[in-house]
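1. Please work out how this folds:
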Amino acid sequence: MIRPNVPSVAPPPKGETRYKLTISYDGTTFHGFAKNRGVETVEGLLNQALQKILGKTPTLTCAGRTDAGVHAKAQIVSFDSVPFEINKIQKALNALCHPSVVITSIEETTDDFNARFSAKSRTYRYQILNQVHPDPFLARYTWHVYAPISIEKMNTAGQELLGEHDFSSFCRKHILEIEGQKISASLIREIKTLRWEVSEKNLIELWITANAFCHQMVRSITGTLVDIGVGKIDECSILDILSARDRNIAGQVAPPHGLTLWNVNY
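-> Next up, the predicted model:
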């Protein structure tokens, strides 16, 4: 398995401790996780809260930089700080960040832990409401698709994506600048599991786990498989789409609000 290059992780500064936060958030009103000047983000809110509580803004590292509108059940964040009373700080953070963001746990971790680079895999869930009429109570967390969807076709096609592949057909290209030269970042990833299931009447869920994901990879795979499920794309063409390494021939990109970062495995 080819893994993305993992840099060495520096230990905390002298006198500081590395902490691991598990947080949940409703991403509806946020412009993604990563801080971005002029708009509200999850990292921006956390930074403001930590500044008020600790008197400084630590550098935050997250397991996955979710896009605007994407939710998280268990996002992992690591940062360094002088030692503090965990229960007191957790209570104070939740008082400042709720209801859209909740810190479900804080713990001391090892000096070499990094929320992003220490992760072995990430799991996402995508929810679809498959019925004629929308549901206002599910609108923030599901993609409403009124046309009948074949789960069997989506599962059959989805199995072809398992394993290690170049997922250029399902990702936005990312350009890196190294020593003054611009190069395309590798889009090789390993999907470990992928399955569609019915969780409740008319509620369909995609569960997908990979060592890492490229930008918009889950949403692009979801949209393409849904196009297969409703008959817009032939299920046998999934291998052609994958091998083409061309984003233009894949299906639609599913909207962000149905997606949740569910779990990170270390």
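2. Test of understanding: give the bridge partners of the closest residue in space to residue 16 that isn't next to it in sequence.
-> With sequence-adjacent residues excluded and distances taken as C-beta to C-beta, 6 or more residues apart in numbering, residue 16 is closest to residue 80, at 4.5 Å. Just so you know, the C-beta spots here come from the backbone N, C-alpha and C atoms, and that holds for glycine as well. Partner residues in beta bridges with residue 80, using DSSP bridges, are residue 18.
3. quick one, what contacts residue 80?
-> With contact set as C-beta atoms under 8 Å, 6 or more residues apart in numbering, residue 80 has these partners: 12-13, 16-19, 58-59.
4. Rebuild those residues as TSV, extending it with pLDDT and distance to residue 194.
-> Converted to TSV, the contacts of residue 80 look like this (pLDDT from 0 to 100; distance: C-beta to C-beta, whole Å):
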residue	pLDDT	distance to residue 194
12	95	37
13	95	41
16	97	40
17	97	38
18	98	33
19	98	33
58	95	36
59	96	34
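5. And those residues, which is closest to residue 31?
-> residue 59 (19.9 Å; C-beta to C-beta).
6. and the gap between residue 114 and residue 221?
-> Separation of residue 114 from residue 221 (C-beta to C-beta, to the nearest Å): 26 Å.
7. Which one's more surrounded, those two?
-> A direct count of neighbours by other C-beta atoms under 10 Å for residue 114 and residue 221 places residue 221 higher, at 31 against 21.
8. can you map out the helices along this protein?
-> 42-54, 86-97, 151-158, 217-229, 238-244 (DSSP state H).
9. Could I have the CA atoms of stretch 103-120 written out in CSV?
-> The C-alpha coordinates for stretch 103-120 follow below in CSV (Å, rounded to 0.1, in the frame of the first residue of the first chain):
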residue,chain,number,x,y,z
ILE,A,103,-16.3,18.8,22.5
THR,A,104,-17.2,15.3,23.5
SER,A,105,-13.8,14.5,25.0
ILE,A,106,-10.4,15.9,25.8
GLU,A,107,-7.4,13.7,26.7
GLU,A,108,-3.7,14.0,27.1
THR,A,109,-1.9,12.1,24.3
THR,A,110,1.7,11.1,23.3
ASP,A,111,4.2,13.6,22.1
ASP,A,112,4.3,12.0,18.7
PHE,A,113,0.6,12.1,18.1
ASN,A,114,-0.8,14.1,15.2
ALA,A,115,-4.5,14.1,14.5
ARG,A,116,-3.9,14.1,10.7
PHE,A,117,-0.7,12.1,10.2
SER,A,118,-1.3,9.5,12.9
ALA,A,119,-4.6,8.4,11.5
LYS,A,120,-4.7,5.0,9.8
